[in-house]
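Undergrad: could you look at this predicted model? Sequence included:
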Amino acid sequence: MIPAAVAALGLVGALAVTQIAAADPARHDTGRLDTEALQARLDDFAGLTAGSVLVEVRDGDDTWSEAAGNRSLDEDARRARPGDRVRIGSVTKSMVAAVVLQLDGEGVLDLDAPLSDYLPDLLPYERQPTIRQLLAHTAGVPDWVPIAYPGLENGDLTEVREDYRSHYEPEELIAIAIQEEPPFGPGEGWSYSNTGYVVLGLLIEERTGHSLRHELQERVFEPAGLDHTYFPRDDTAGIRGPHSVPYITTGDPADPYFDATAVSNTQLGASGGAVSTVGDVNDFYDALTDGTLLTAEQLAEATEFTDTGTGFQYGLGLGGVQVGCPDDPEEVFLGHVGDGMGHQTQSFHSFDGERQITLSWSIDDKHAYNDPAAFDEALFALLTAGLCGTDS
């Protein structure tokens, strides 16, 4: 949900430029996963955070899943498990985008129609963005998060502590965003906007007559077999089932971690509210690429990536990154990153669905680490270990 997740996705591209030579494969020559290499990189990464790290890597029929750390920072906390639930944050955007693309394919809406054709009074702009522009973050709609929580980017949690449990209707989040002037006109730039996906959630409800929760369950979770994934009800907070505790770092040595478990689920919503597991997220992107959720033509349309100027590419609810695999340094992997108010998730996949990695850690990286560069390098090494390899 939080725009910091965009910086994390850009980081992957930036590191790929400088560290291609370091991206040694994590597969034996037989093509099977090298679990020893993966474990070593997980250990390196987990050693730099006090929280838990969950990861699942797939290469064809081979799967490696592991967890490091404890579910919370309490002294008597249980060990984390790979199947623990986390808030996947903006990875939810890929799911919402899949629903919108399905509705376009069914003729229920037109990606190139202006929003006002369906929700005429929602955005007070003379020039209305199209549905495609909302999906691609080129609509020019301001992001509500930094307006509501201006100190968050610098580690000041004053507003978060005061307001994180407040319930918001989607229209109220949009009202926060439109206090500011649009950064550009529709189609004239790129700017990450959680608000744009709040709008898309309302569009799905208007077009189908059902709640977004219902449509995600029927159109995404059930057909993709996501048995451990859910979209929370509006009147709830917290996370159901076994999960790691999400922490936001404060920058205060006397009180370094803020437990964000009880954030109102309405604040994440269509832009980042889904709760899942690393295995289910891999299942989702597998279903996205194998024809279960989208046709080949729809996936191709969603992955017509454009440069965002931030170190990564973006399509329709999907990001594209190059990690510099030795066998094909130009190969692009699709996926997304997410910040679920403490939980950080990164998920990337080859277009053929054969190579996948989803990892999530429980403490955001704001002011959390003594050596941020080492943390970034360890994260990149784990990602490339999961995605890069040699042919058998």
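TA: Structure's in. What do you need?
Undergrad: and stretch 151-165, end to end?
TA: By Cα to Cα, to the nearest Å, the extent of stretch 151-165 from end to end equals 17 Å.
Undergrad: only alpha carbons, please: show stretch 168-180 as PDB.
TA: These are the backbone C-alpha positions of stretch 168-180, laid out as PDB (Å, rounded to 0.1, in the frame of the first residue of the first chain):
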ATOM      1  CA  TYR A 168     -12.600   5.000   6.100                       C
ATOM      2  CA  GLU A 169     -15.100   4.500   3.300                       C
ATOM      3  CA  PRO A 170     -13.400   4.400  -0.100                       C
ATOM      4  CA  GLU A 171     -15.000   7.800  -1.000                       C
ATOM      5  CA  GLU A 172     -13.400   9.300   2.100                       C
ATOM      6  CA  LEU A 173      -9.900   8.100   1.000                       C
ATOM      7  CA  ILE A 174     -10.600   9.600  -2.400                       C
ATOM      8  CA  ALA A 175     -11.700  12.900  -0.700                       C
ATOM      9  CA  ILE A 176      -8.300  13.000   1.100                       C
ATOM     10  CA  ALA A 177      -6.500  12.600  -2.200                       C
ATOM     11  CA  ILE A 178      -8.300  15.200  -4.200                       C
ATOM     12  CA  GLN A 179      -7.400  17.900  -1.700                       C
ATOM     13  CA  GLU A 180      -4.200  18.200  -3.700                       C
END
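Undergrad: now what about that stretch, what contacts it?
TA: Where contact means Cβ atoms under 8 Å, 6 or more residues apart in numbering, the residues beyond stretch 168-180 that reach it are 122-124, 141-144, 147-148, 193, 195, 198-199, 201-202, 264, 266-267, 269-270. Glycine gets a C-beta too; all of them are placed from N, C-alpha and C.
Undergrad: tell me how far it lies from the chain's centre.
TA: Chain-centre distance of stretch 168-180: 21 Å, with Cα atoms, centre = their mean, to the nearest Å.
Undergrad: state the number of residues packed around residue 169.
TA: Neighbours of residue 169 under the rule other Cβ atoms under 10 Å: 13.
Undergrad: phi first, then psi, for it.
TA: In terms of degrees, to the nearest 10, the main-chain angles of residue 169 are phi -80, psi 150.
Undergrad: against residue 136, how distant is it?
TA: Distance of residue 169 to residue 136, computed by Cβ to Cβ, to the nearest Å: 25 Å.
Undergrad: OK, contacts around residue 245?
TA: Contacts for residue 245 (Cβ under 8 Å, 6+ apart) come out as 51, 71-73, 259, 261, 342, 362.
Undergrad: next step: the residues you listed restricted to strands.
TA: Within these, membership in strands is found for residue 259, as judged by DSSP state E.
Undergrad: what about the contacts of residue 245, which one has the most neighbours?
TA: residue 362 (29 neighbours).
Undergrad: surely that residue touches residue 249?
TA: No. In this structure residue 362 lies outside contact range of residue 249 using Cβ atoms under 8 Å: 11.2 Å.
Undergrad: how about the helices of the stretch 101-250 of the chain, start to end?
TA: Listed in chain order, the helices of the stretch 101-250 of the chain (DSSP state H, counting those that start in this stretch) span 131-136, 144-148, 158-163, 170-177, 194-208, 212-216, 222-224.
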